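Visitor: structure for this input, please:
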Amino acid sequence: MGEVFAGRYELIDPIGRGGVGAVWRAWDHRRRRYVAAKVLQQSDAHTLLRFVREQALRIEHPHVLAPASWAADDDKVLFTMDLITGGSLAHVIGDYGPLPPRFVCTLLDQLLSGLSTVHAEGVVHRDIKPANILMEATGTGRPHLRLSDFGISMRKGEPRLTETNYVVGTPGYFAPEQMMGAEPDFPADLFAVGLVALYLLRGKKPDSQALIEHFASHGTPSAPQGVPEPLWQVLAGLLQPDPQARFRTATGARKALTAAVEMLPEPGAEDEPVEVFDQIGPLPHGFGPTGPVAAPQQSGRPDAPTGQTQGQEQGQAQAQAQAAQVPGQQTGRQPTEQSYARPPASMSETGSFHLPPPPQQPNSAPQAPQPTAPATHQPAQPGTPAAPPGIPAPQHPAHAASPFPAAAPNPSQAPTAAVQHDQALTRPYTAQPAQVPVPGSGVSGAGAPPHFAQAPSSQVMPPSQLTAPAPRKRPGPSTKVAVPVLLVALICFAVGIWALTQA
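Guide: Now for the predicted structure:
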């Protein structure tokens, strides 16, 4: 299992790396789903401020991949987003090279749709490039892209985090005004969109600097090879070096693209369909489609049947060995009753097993018959009717000897020996004078218990022979000492009062 971050996100395996952190596939234990977690590698103030800006962005759009939540643990921070498995546009170009124009128009329309929502929130992305445009793994179906990585984005009017004359972004996708240190604006993002579209159509990164110089010197060039003219007119409006001549909004560029698509030729039967593959690979061991998989319980022996452990096998072996040693076989007698069949051991819910019964001790010799006492006449109990004359009194027959062999005595179930108790040496309470036992008298007899050796008897001494207890002397000084001390104290008290009256 992977590391659990902040008690919620379990990091599984890395799926990407950026300038300020790594992107991990993670399992969200609270929402019970897989997410992409971007973990910051640096913890300086500048990086943390950018992290706060990015994670604070909340844009709901099917073609925008914005942060969904964030967490911090000690000196590490991360934010999560939806897990996109199809890789980026760079992976698609690496698989197929130049893409068909109609496929490019579909991707360009989705990108402009998401960017229009981002601009409506007053946010300038500032880092649009193929690596930041992710693809859902849709196979040969309709493609679905997501604009991601808002690490250096900013809202219009917010203070910049970079110094003056310092450009932030990816080289090769800068707008000319960015190179001159202008304030970030929406047309700069549209210039990067035009470069991305040219990259998809030609299969390689365009030379933006040469393109800007050509626009400045010769105006709008003719359509490059493999780019339809209607589509090139839209791209030329995105790639104008002058931001005033460029499309001002993503919505306007999208409307122009929709009109250009209607003039494109239909795809031929020989055109190869573009398939977007799963780029992050299968889940590692211990994880399934629904989350972490619990490890299976191992049995005591690889070839043991299901539900049977080594402890159960040992218990059955002991039971079989004890069953072979029955009392009837040792005494030469065969038991007539059916032997007890031990139920098969079954696993309990906690994985324990039933212990075998305690071993039975065989009889070493047959027991001798006990002598029968002569019958004696028992007096009739009160309430028992007497037998009428001429009819013999009912006799209680003695128990017949059992034909079965006597079972071995079980020490744990043996009856306890009877304890002989003497008669209590107390009498009923009555209103009588105090009775004091005579010293030295006690219970005699060999049957008296040791703690009754000096027990009092029933002899009582008269009250006249009782002596009163000696008076208890109170602690303190004697009278000869206390009286002089009190007199001296009174004299001192009188002298003190006289001195106060004279003053």
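
Visitor: rest of the way, CA atoms for contacts and neighbours
Guide: Will do.

Visitor: now the end-to-end length of stretch 50-67.
Guide: The first and last residues of stretch 50-67 sit 13 Å apart, counting by CA to CA, to the nearest Å.

Visitor: please point out which parts of that stretch sit buried.
Guide: 50-51, 53-55, 57, 63-67 (16 or more other CA atoms under 10 Å).

Visitor: same deal with stretch 100-111?
Guide: Applying a neighbour-count criterion of 16+ other CA under 10 Å, one finds 100-101, 103-111 buried in stretch 100-111.

Visitor: likewise stretch 89-97?
Guide: So, applying 16+ other CA under 10 Å, buried residues of stretch 89-97: 89-93, 97.

Visitor: where does the protein dip in pLDDT?
Guide: 1, 19, 42-46, 159-167, 295-476, 503 (pLDDT under 70).

Visitor: longest helix of it?
Guide: For the chain, the longest helix by residue count, based on DSSP state H, is helix 479-502.

Visitor: for the closest residue to Pro130 other than its chain neighbours, give me its contacts.
Guide: Using CA to CA, 6 or more residues apart in numbering and skipping residues adjacent in sequence, the residue nearest Pro130 is Leu89, 5.1 Å away. Taking CA atoms under 8 Å, 6 or more residues apart in numbering as the criterion, Leu89 is in contact with 130-131, 133-135.

Visitor: parallel or antiparallel, list what pairs with the helix or strand encompassing Val39.
Guide: Val39 is part of strand 33-40, with elements assigned from DSSP states H and E. With DSSP bridges as the test, strand 33-40 is paired with strand 21-28 (antiparallel), strand 76-82 (antiparallel).

Visitor: what lies in contact with it?
Guide: With contact meaning CA under 8 Å, 6+ apart, strand 33-40 is reached by 11, 20-28, 76-84, 290-291.

Visitor: how about the buried residues of stretch 89-97 in a markdown table, adding distance to Phe247?
Guide: As requested, these are exported to a markdown table (distance: CA to CA, whole Å):
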| residue | distance to Phe247 |
| --- | --- |
| Leu89 | 23 |
| Ala90 | 25 |
| His91 | 29 |
| Val92 | 27 |
| Ile93 | 26 |
| Gly97 | 28 |
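
Visitor: so which of those sit within helices?
Guide: Residues of those located in helices (DSSP H): 89-93.

Visitor: which residues does His38 bridge with?
Guide: Small correction: residue 38 is Lys, not His. On the basis of DSSP bridges, Lys38 takes part in beta bridges with Val23, Phe79.

Visitor: about what we covered before: ok, which pair from the ones in helices among the buried residues of stretch 89-97 is furthest apart?
Guide: The widest separation within these, taken as CA to CA, falls between Leu89 and Ile93 and amounts to 6.3 Å.

Visitor: how about the closest residue to Gly172 other than its chain neighbours, what does it touch?
Guide: Here the nearest residue to Gly172 in space, its sequence neighbours aside, is Ser208; by CA to CA, 6+ apart that works out to 5.9 Å. Ser208 sits next to 172-173, 195 when contact means CA under 8 Å, 6+ apart.
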